[in-house]
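Student: Here you go, sequence then predicted model.
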Amino acid sequence: MQDKTYALIPPNPFNAGSPIDPNDFVGRVQELETFKQRLRQTKEGSLASMAVAGGYGIGKTSFLHKCRSIAEENNALSIYFSLNEMDDLNRETLSKMLVERLQERVREEIILQRISAKVLDAVRKIRIKISPSEEGPSVELGLDHSINSIHFPNLHSALSVAWKALRDHKKAIVFFIDEARILEKHRADLILYLRAVLEQLQIDRVPVMIVPGGKLTISDPSGSGFSPLVRTFPPAVLENFTLEESKAFIRKKLTKVKISISDDVLKQVYSITEGHPFVLSAYMATAYSKLKPGEGELRKEHFEATDIEFVKRVLSPFFSRFYDQVSKNSRSILTEMAKRNGEIDLSELCEIMGRKSNELSPYLAKLTQDGAILRIDRGRYKLFHKLLTQYVKQVGGL
Ligand SMILES: Nc1ncnc2c1ncn2[C@@H]1O[C@H](COP(=O)(O)OP(=O)(O)O)[C@@H](O)[C@H]1O
Ligand SMILES: [Mg+2]
């Protein structure tokens, strides 16, 4: 088509580095339904939180943002923040963080004139001061200690008071805590603490929901699924997109820039990327960058040009965390798996590496937790993505 509008190529609509805009969000129908249902229950005063789990690039942050926009539509006060690089967190600092983020959010809502300025008066006085008897010496964080502030000995009483100020304006308070794996440190101390806080709030039917997201292991690995944590924070475990979700994702993006793509090519893209959201976005971004002015369709040639550099160049910053940045033993395991098309039995691995299974298990557990490998069967493991197999072969010179 020699239309003038194609003389310039519209900006690349694919950006693997950032979470999707909630308006462009695709799929995850079941998980979103679960969130909506839990939100409804929260609004009615029930204890109904949840968690979002899954590996790197699977779409956790995008999902939290989407849920956040749903919470807003439902007139909940929604608060999103990330614990990225917070390695020094305890009950008090976590509680303070939740309260401060809530206060910030209330300020924003007032500026947007969604709630009355009176609310701020009540909410901004709230300070947390957990007594030393409950948790070591408490550190003052240089907060505003005006005489007006009211100190609360725990998070649930602070949140109850915040709710009293908000209840005429909002239906619930929802916290989205991203990169929340740190909450599971020290035998899940902080996540257990949040559960206790929610249970206290529940007594007075204060509608607070907490949604931690991250590479969480809340789901009981033994599969019993009845631990109290699973009940309080039932995890929505995000998986790769299905073929239909992948197609919807690509079509949504390409329609906006008026670029077409055939069904055959869509299927091909799915089979290469396996519908992994990050890999898919990166692959599409690279292919899109091969479009020449005047072209109105992404064709096989664009993807062929992409394949040459994709794994080594584009995906290496993503894959290096699974391979280059792990211990030598873990790397050897990955290498042996890559040699065997990405899959191996534990017994086979022991033989090749001349190690006992109890020596290798910790490495396998770590690799599994970090998302590099998946346990597909009793004693059988596979690399999480076939392009990782290709990457390990290339980088390892196999
Ligand atoms: N439901 C979705 N719809 C559209 N794009 C998505 C969706 N989920 C993830 N993506 C895309 O996949 C990539 C990784 O998503 P992100 O939310 O950052 O993953 P995570 O937080 O799990 O690492 C981003 O480019 C994002 O735009
Ligand atoms: Mg994320």
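Tutor: Everything's here; your move. Ligands and ions are numbered 1, 2, ... in the order given.

Student: Which residue comes closest to the closest residue to ligand 1 within the stretch 51-200 of the chain once chain neighbours are left out?
Tutor: Per C-beta to the nearest ligand atom, residue 59 is where the stretch 51-200 of the chain lies closest to ligand 1, at 2.8 Å. Quick note: C-beta positions are derived from backbone N, CA and C, even for glycine. Leaving aside its sequence neighbours, residue 59 sits nearest to residue 277 (C-beta to C-beta, 6 or more residues apart in numbering; 4.5 Å).

Student: what's near enough to touch that neighbour?
Tutor: 57, 58, 59, 62, 240, 241, 249 (C-beta atoms under 8 Å, 6 or more residues apart in numbering).

Student: Now for residue 386: which residues touch it?
Tutor: Here residue 386 is in contact with 274, 342 (criterion: C-beta under 8 Å, 6+ apart).

Student: ok, now residue 207?
Tutor: Counting by C-beta under 8 Å, 6+ apart, residue 207 touches 42, 43, 44, 45, 163, 171, 172, 173.

Student: What about ligand 1: which of those residues touch it?
Tutor: The subset of those lying close to ligand 1, counting by C-beta under 6 Å from any ligand atom, is empty.

Student: Buried among those? Need that as a selection in PyMOL.
Tutor: A single PyMOL command selects the buried members of these (16 or more other C-beta atoms under 10 Å):
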select buried, resi 42+43+163+171+172+173
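
Student: Among the contacts of residue 207, which lie within helices?
Tutor: Assigned to helices by DSSP state H, the following of those qualify: 42, 43, 163.

Student: So which other helices or strands are in contact with the helix or strand that contains residue 211?
Tutor: Element membership of residue 211 [criterion: DSSP states H and E] is strand 208-214. Applying 3 or more C-beta pairs under 8 Å, 6 or more residues apart in numbering; DSSP states H and E, we find strand 208-214 packed against helix 29-43, strand 51-53, helix 60-73, strand 173-178, helix 185-203.

Student: and that strand, anywhere near ligand 1?
Tutor: No. Contact of strand 208-214 with ligand 1 (C-beta under 6 Å from any ligand atom) is absent, the minimum separation being 7.4 Å.

Student: contacts for the helix or strand following that strand?
Tutor: Counting by DSSP H and E, the next helix or strand C-terminal to strand 208-214 is helix 228-232. With contacts defined as C-beta under 8 Å, 6+ apart, helix 228-232 is touched by 47, 49, 188, 191, 192, 195, 198, 218, 219, 220.

Student: Let me see the contact set for the residue positioned nearest the centre of the chain.
Tutor: With distances taken as C-alpha atoms, centre = their mean, the chain has residue 60 as the residue nearest its mean C-alpha position (2.4 Å). The contact partners of residue 60, taken as C-beta under 8 Å, 6+ apart, are 52, 53, 54, 178, 213, 214, 238.
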